[in-house]
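**Q** Structure for the following, please:
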Amino acid sequence: MTRDFIESSYVELKKANPTLPILVRECSGVVPKAWARYGRGEEVSVPLDGLSAEQVGASLAKLNRKA
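**A** Residues are numbered from 1 along each chain as shown. Next up is the predicted model:
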């Protein structure tokens, strides 16, 4: 689950990327998504609903590769 990824990987992710702005908002009734903003204002989102912690990590890695 997305929550599992945050609980297990957030601290490590921030340590490895201290200047990367990461915002986590907890809210019920909302589909979890990851957003990335690239050059010239391009924004991309990927849904994270129902993904395992490993799948969430893979989705974030895909967003990072696009940068």
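**Q** how about the residue most central in space within the chain, what does it touch?
**A** By C-alpha atoms, centre = their mean, the chain has its centre lying nearest to residue 34, at 4.3 Å. Each residue near residue 34 by C-beta atoms under 8 Å, 6 or more residues apart in numbering is listed here: 45-46, 48, 56, 59-60, 63. (C-beta placed from N, C-alpha, C; glycine too.)
**Q** Three-state assignment for residue 25, please.
**A** coil (DSSP: H, G, I helix; E, B strand; the rest coil).
**Q** what do you get for residue 56?
**A** Strictly by three-state DSSP, residue 56 counts as helix.
**Q** Can you get me a residue count around it?
**A** Other residues near residue 56 come to 22 when the count uses other C-beta atoms under 10 Å.
**Q** How about it: what's its closest non-neighbour residue?
**A** Closest residue to residue 56 apart from its sequence neighbours, by C-beta to C-beta, 6 or more residues apart in numbering: residue 5 at 3.9 Å.
**Q** tell me which element that neighbour is part of?
**A** Using DSSP states H and E, residue 5 sits in helix 2-16.
**Q** Pretty sure residue 63 sits against residue 43.
**A** No. Look at residue 63 against residue 43 with C-beta atoms under 8 Å: they stay out of range, at 10.6 Å.
**Q** Overlap in contacts, these two.
**A** Shared contacts of residue 63 and residue 43, counting by C-beta under 8 Å, 6+ apart, come down to residue 36.
**Q** So for these two, which residue has more residues nearby?
**A** residue 63 (15 against 8).
**Q** what's the closest non-adjacent residue to the more buried one?
**A** residue 36 (4.2 Å).
**Q** Am I right that the one you found sits in a helix?
**A** No. Assigned with three-state DSSP, residue 36 falls outside any helix and is strand.
**Q** Residues in a beta bridge with it, which ones?
**A** Beta bridges link residue 36 to residue 44, judged by DSSP bridges.
**Q** Let me see the confidence value for it.
**A** Looking at residue 36, its pLDDT stands at 92.
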